[in-house]
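1. Next input, structure requested:
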Amino acid sequence: MKWIHERSEGITLNISLQPNANADTVVGLSEDGQYLKIKINAAPRSGDANNSLISFLAKRLKLPKRNFEIIQGQKNRRKVMFVRGATVSAASKILLSLATS
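-> Numbers count the residues shown, from 1 in each chain. As a prediction, the model looks like this:
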């Protein structure tokens, strides 16, 4: 899978984030399979959307928020996030099961 990668202490996720959405939800994969598309209700100011994204993923993956780090794209819709303690198989199964399309 192009959007999720195994690392020595966890995984990285390529995320395409849409802030200011009606609800927090996983939309699905981008057409090219490079990004997991997620909508977040929070606005993209003062890190609100990033914080909401981390809270959303932490709750779904049942991991503490401290395990999540945006390593690229802090001020961009396209992000790379490191998730400590997660596995590709578990995270992909959970996140793809949440997809609305």
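2. Please count neighbours and contacts with C-alpha atoms only from this point.
-> Fine.
3. following the helix or strand where residue 81 lies, which helix or strand comes up?
-> In this structure, residue 81 sits in strand 78-84 according to DSSP states H and E. Next helix or strand after strand 78-84 toward the C-terminus (DSSP H and E): helix 88-97.
4. And the strand holding residue 81, what does it pack against?
-> On a contact count with 3 or more C-alpha pairs under 8 Å, 6 or more residues apart in numbering; DSSP states H and E, strand 78-84 meets strand 10-18, strand 68-72.
5. ok, 10 Å please
-> Counting contacts by 3 or more C-alpha pairs under 10 Å, 6 or more residues apart in numbering; DSSP states H and E, strand 78-84 packs against strand 4-7, strand 10-18, strand 36-39, helix 48-61, strand 68-72.
6. now it against helix 48-61, angle please.
-> Interaxial angle of strand 78-84 relative to helix 48-61 (axes from the mean of the first three to the mean of the last three C-alpha atoms, to 10 degrees): 40 degrees.
7. what number of residues lie near residue 75?
-> Using other C-alpha atoms under 10 Å, the number of residues around residue 75 comes to 13.
8. did I read that right, it in a helix?
-> No - the assignment for residue 75, made by DSSP: H, G, I helix; E, B strand; the rest coil, is coil rather than a helix.
9. for it, phi and psi?
-> Note on residue 75: backbone dihedrals following degrees, to the nearest 10 are phi -120, psi 30.
10. does it really touch residue 50, like I thought?
-> Yes - counting by C-alpha atoms under 10 Å, residue 50 is a contact partner of residue 75 at 8.7 Å.
11. Between these two, which contacts overlap?
-> residue 44 (C-alpha atoms under 10 Å, 6 or more residues apart in numbering).
12. How much space separates the residue sitting nearest the centre point of the chain from residue 22?
-> Nearest to the geometric centre of the chain sits residue 15, at 5.1 Å (C-alpha atoms, centre = their mean). Computed with C-alpha to C-alpha, to the nearest Å, the distance linking residue 15 and residue 22 is 18 Å.
13. Equivalent analysis for residue 8, please.
-> Distance, residue 8 to residue 22, using C-alpha to C-alpha: 36 Å.
14. can you pull the contacts of residue 36?
-> 2-4, 13-17, 26-30, 78-79, 92, 95-96, 99.
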